[in-house]
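Student: no FASTA, just this:
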Ligand SMILES: *[C@@H]1O[C@H](CO)[C@@H](O)[C@H](O)[C@H]1NC(C)=O
């Protein structure tokens, strides 16, 4: 018997299938840059495993300090040695992989001292990594896709001003500046809540690791489930990602084996319309563990 595609029942079934398939398609986001023994940025993108690669970190900025990149053993920013990464950024973008610059990190020296300071950091980021211009761009001429806020210290009052100023640059036309963030899973985030409530962020990857009260545990999945629900219902953002360690060694706690992610965690999050995928810390650990390869077809 032929399928009658004109029947309303068949049509609505087809539409349902299309919508369902679409809302379930997630991507993998990876942090790169904190281990000189991982592959190059170009090699990372060439694996074809990642939707977005985040270059980590601009670890010094604000409070009158000269902003400084730290890319571990990959290159020496002090002698303009990281400008060679420009070619890799172009190569990633040509393959459809977005490249972000992450500001902050676990042990940087950063702090915004005032709204004016926040605006001057935004100007610096625009001129040195985004669509503006400067004669000393640390990553060369490549225009990155946006700025990732991984703020884990310092103060919290002026990150909303920083986000607002970056969003102003984005709205001037030309290439969009994506804003993303990596808050800790306890809600609200100690440092980023003010920035995140602005509603200006495209993607938020929540760190469900090194955070026992809300990271996933098979014996008490409700802590994770409630945190995910709280985040996705309280903050207006484009998409939310589950942030996880890429191997047991990548974090103090919160590692979820790939089989457990697939059978227990993903079913809790994939039904959210705001679900975007999985963020992994980091490329060095992912390349060693094969984590993203193991989950790619299920995310
Ligand atoms: C993955 O690891 C291999 C072996 O250590 C290395 O040669 C390669 O460059 C790494 N690739 C990436 C993308 O990190």
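Tutor: Happy to help now that I have it. What you see is a predicted model, and the numbers here were worked out from it, not measured in a lab.
Student: identify the residues contacting the residue of the stretch 51-200 of the chain found nearest the ligand.
Tutor: Checking the stretch 51-200 of the chain residue by residue against the ligand with Cβ to the nearest ligand atom singles out residue 53 as nearest, at 10.1 Å. In this view, the C-beta of every residue, glycine as well, is placed from N, C-alpha and C. For residue 53, the set of contacting residues under the criterion of Cβ atoms under 8 Å, 6 or more residues apart in numbering consists of 29-32, 41, 44-45, 92, 97-100, 283.
Student: let's see that with 10 Å instead.
Tutor: In this structure, residue 53 makes contact with 28-33, 41, 44-45, 88-89, 92, 97-100, 145, 283, judged by Cβ atoms under 10 Å, 6 or more residues apart in numbering.
Student: could you check how far whichever residue of the chain sits closest to the ligand is from residue 255?
Tutor: Of the residues in the chain, the one nearest the ligand is residue 39, at a distance of 2.5 Å by Cβ to the nearest ligand atom. As judged by Cβ to Cβ, to the nearest Å, residue 39 and residue 255 stand 22 Å apart.
Student: cool, and residue 284?
Tutor: From residue 284 across to residue 255, the span is 15 Å (Cβ to Cβ).
Student: more neighbours, these two?
Tutor: Using other Cβ atoms under 10 Å, the more surrounded residue of residue 284 and residue 255 is residue 284, with 24 against 21.
Student: could you report the pLDDT at the more buried one?
Tutor: According to the per-residue confidence, residue 284 scores 98 in pLDDT.
Student: summarise which helices and strands whichever helix or strand it is part of is packed against.
Tutor: With elements delineated by DSSP states H and E, residue 284 resides in helix 283-289, which encompasses its position. Under the contact criterion of 3 or more Cβ pairs under 10 Å, 6 or more residues apart in numbering; DSSP states H and E, helix 283-289 touches strand 27-32, helix 41-46, strand 52-61, strand 239-245, helix 291-295.
Student: I'd assumed residue 99 was in contact with residue 87.
Tutor: No: between residue 87 and residue 99 no contact is recorded; they are 12.0 Å apart, counting by Cβ atoms under 10 Å.
Student: overlap in contacts, those two.
Tutor: Shared contacts of residue 87 and residue 99, defined by Cβ under 10 Å, 6+ apart, are found at 41, 142.
Student: the closest residue to residue 26 other than its chain neighbours: how many residues sit nearby?
Tutor: Closest residue in space to residue 26, ignoring its immediate chain neighbours: residue 277 at 3.2 Å, by Cβ to Cβ, 6 or more residues apart in numbering. In terms of burial, residue 277 registers 24 neighbours under the definition other Cβ under 10 Å.
Student: can I assume residue 277 is in contact with residue 206?
Tutor: No: counting by Cβ under 10 Å, residue 277 sits too far from residue 206 to count as a contact (12.0 Å).
Student: overlap in contacts, these two.
Tutor: Residues within reach of residue 277 and of residue 206 at once, by Cβ under 10 Å, 6+ apart, are 240-242.
Student: check those one by one and keep those near the ligand.
Tutor: When contact is defined as Cβ under 6 Å from any ligand atom, these do not meet the ligand at all.
Student: on that earlier part again, the residue of the chain closest to the ligand and residue 288 touch, don't they?
Tutor: No: in this structure residue 39 lies outside contact range of residue 288 using Cβ under 10 Å: 11.3 Å.
Student: quick one on the thing from earlier: how about a markdown table for the helices and strands packed on helix 283-289, with mean pLDDT added?
Tutor: Output for the helices and strands packed on helix 283-289, formatted as a markdown table (pLDDT from 0 to 100):
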| stretch | mean pLDDT |
| --- | --- |
| strand 27-32 | 98 |
| helix 41-46 | 98 |
| strand 52-61 | 98 |
| strand 239-245 | 98 |
| helix 291-295 | 98 |
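Student: the ligand contacts on this protein?
Tutor: Looking at the ligand, the residues of the chain close enough under Cβ under 6 Å from any ligand atom are 38-39, 43-44, 47, 283, 287.
Student: give me that answer again for 5 Å
Tutor: 38-39, 43-44, 287 (Cβ under 5 Å from any ligand atom).
Student: re the thing from before, of residue 87 and residue 99, who's got more company?
Tutor: Neighbour comparison, residue 87 and residue 99: the larger count goes to residue 99, with 27 against 15 (by other Cβ under 10 Å).
Student: quick check: phi and psi on that one?
Tutor: The phi and psi values for residue 99, taken as degrees, to the nearest 10, are phi -120, psi 120.
Student: where along the stretch 151-299 of the chain do the strands fall?
Tutor: Secondary structure of the stretch 151-299 of the chain by DSSP state E, counting those that start in this stretch: the strands cover 178-181, 203-207, 239-245, 275-281.
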